[in-house]
Every structure is written in C-alpha cells, then in structure tokens.
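*Asks:* This is a predicted model, with the sequence first.
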Amino acid sequence: MAGAGASLERRCRAPDGAPAAADRRVFRRPRDAAGYHNHDFEFEPPDGTTLWEILVQELPASIELELDLYWACIAGHDPVELIRSVGSRARLLHMKDMAPTTGREDLAPGDGVLDWPSIVTVATELGIDWYVIEQDNPTNAFVDITRARGFLLGLVDRD
C-alpha cells in the first residue's frame with residue numbers, strides 16, 4: 001500500500017488489479033466480496049482530489065467500501081455524512097471511537113466522542129450489514145469488545 005508521501009498518480013495505481021479480481025469468479029459463496037478498508041491518508045488532497053474520491057468513483061460497485069469511522073474522523077470527516085455519501089457501497093463499518101484528546105488514540109465505541117446514536121441510525125437506514133468492533137491498541141481487548149458490543153446493541157435495540 002502506498003504511504004501518505006506517495007504521489008497521487010502512484011497511489012491511484014494501487015487498485016488497478018482490483019476490478020479484475022472482483023469480477024473474476026474467485027469467490028465461492030454468494031455473499032463473498034472484495035472490499036477496501038480506509039485509513040486517514042486516503043482523505044489527503046495532494047492534488048486537489050483525494051484518493052478516497054477516486055476510489056469511490058473508479059472502483060466498480062462489486063468492490064465494497066469498509067468504512068473505518070475513526071480514521072475518517074482523524075482525517076476531518078463527519079462519519080454520518082461519509083456513510084450517507086457512499087450509501088449501499090458500505091456493507092460494514094469499522095467501529096472505533098476517538099479519544100477527546102488531540103492525539104491519535106482510538107477507543108472502544110461509546111468511550112470517546114463520536115456520535116454513535118446518529119451513526120447507528122444512518123447505518124440502519126441504509127441497511128449496513130456488519131459492525132466490526134475494532135481497536136488498534138486496546139487496553140484489555142476482551143473487556144473493551146464486551147463493553148462496546150453491549151453499547152452498540154443498546155443503540156440498535158432502542159426502537
């Protein structure tokens with residue numbers, strides 16, 4: 001994967017083989033799919049256009065977008081608006097919260113500053129299938145996942 005310092009041209013070449021791979025009969029079950037998981041560098045506009053914008057426009061719909069909400073927020077995006085902008089292209093969301101500090105610290109969902117009720121509401125409206133509870137550096141992974149799962153289930157079941 002190209003890093004943040006790579007030219008836009010070089011970074012845009014990374015998905016060239018992806019459309020062909022997604023279109024081949026490489027997946028065995030009907031729900032198998034190829035997806036792209038973002039970080040923050042895809043949202044940097046080195047030449048006026050971001051890699052994220054190019055990926056959304058150029059990758060075929062058969063390649064799903066796996067939105068990592070924490071990294072999108074680190075890059076300055078509103079996760080609710082980002083989810084709405086890709087609609088049904090997002091089949092799953094990586095659910096990581098963001099610490100209220102200015103550093104890059106991710107937390108379990110519900111432990112930070114993201115607007116989870118709004119995120120879950122729009123994800124439900126759009127029919128997003130999966131919530132992936134994820135942390136890059138958990139304090140205690142089992143405890144964090146258990147707490148985050150309970151928190152997110154409480155939001156899903158609030159109707």
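*Replies:* Yes, it's here.
*Asks:* Which strands and helices lie in contact with the helix or strand hosting residue 71?
*Replies:* Here residue 71 sits within helix 69-74, counting by DSSP states H and E. Using 3 or more Cβ pairs under 8 Å, 6 or more residues apart in numbering; DSSP states H and E, the elements in contact with helix 69-74 are helix 79-86, strand 90-95, strand 97-98. (Glycine included, C-beta is placed from N, CA and C.)
*Asks:* ok, 6 Å please
*Replies:* helix 79-86 (3 or more Cβ pairs under 6 Å, 6 or more residues apart in numbering; DSSP states H and E).
*Asks:* What mean pLDDT does the helix it packs on get?
*Replies:* Averaged across helix 79-86, pLDDT comes to 95.
*Asks:* How far off centre is it?
*Replies:* Relative to the chain's own centre, helix 79-86 is displaced by 10 Å; criterion: Cα atoms, centre = their mean, to the nearest Å.
*Asks:* buried set for it?
*Replies:* The neighbour-count check on helix 79-86 (16 or more other Cβ atoms under 10 Å) flags 79-80, 82-83, 85 as buried.
*Asks:* beta partners of the residue nearest the centre of the chain?
*Replies:* Among the residues of the chain, the one closest to the centroid is residue 67, at 1.4 Å (Cα atoms, centre = their mean). Beta-bridge pairing for residue 67 (DSSP bridges): residue 93.
*Asks:* What of residue 97?
*Replies:* Beta-bridge partners of residue 97, as defined by DSSP bridges: residue 107.
*Asks:* Does it touch residue 112 like I think?
*Replies:* Yes - when contacts are counted by Cβ atoms under 6 Å, residue 97 is listed as touching residue 112 (3.2 Å).
*Asks:* mind listing the strands for this protein?
*Replies:* Remark: strands assigned in the chain by DSSP state E are 34-37, 63-68, 90-95, 97-98, 106-107, 130-133.
*Asks:* So for residue 97 and residue 112, which sits in the more crowded spot?
*Replies:* The neighbour comparison of residue 97 against residue 112 (other Cβ atoms under 10 Å) goes to residue 97, with 22 against 18.
*Asks:* export the strands of the chain to a markdown table and tack on distance to residue 155 and mean pLDDT?
*Replies:* Formatted as a markdown table, the strands of the chain follow (distance: least, Cβ to Cβ, whole Å; pLDDT from 0 to 100):
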| stretch | distance to residue 155 | mean pLDDT |
| --- | --- | --- |
| strand 34-37 | 23 | 83 |
| strand 63-68 | 17 | 90 |
| strand 90-95 | 10 | 92 |
| strand 97-98 | 13 | 96 |
| strand 106-107 | 16 | 94 |
| strand 130-133 | 10 | 92 |
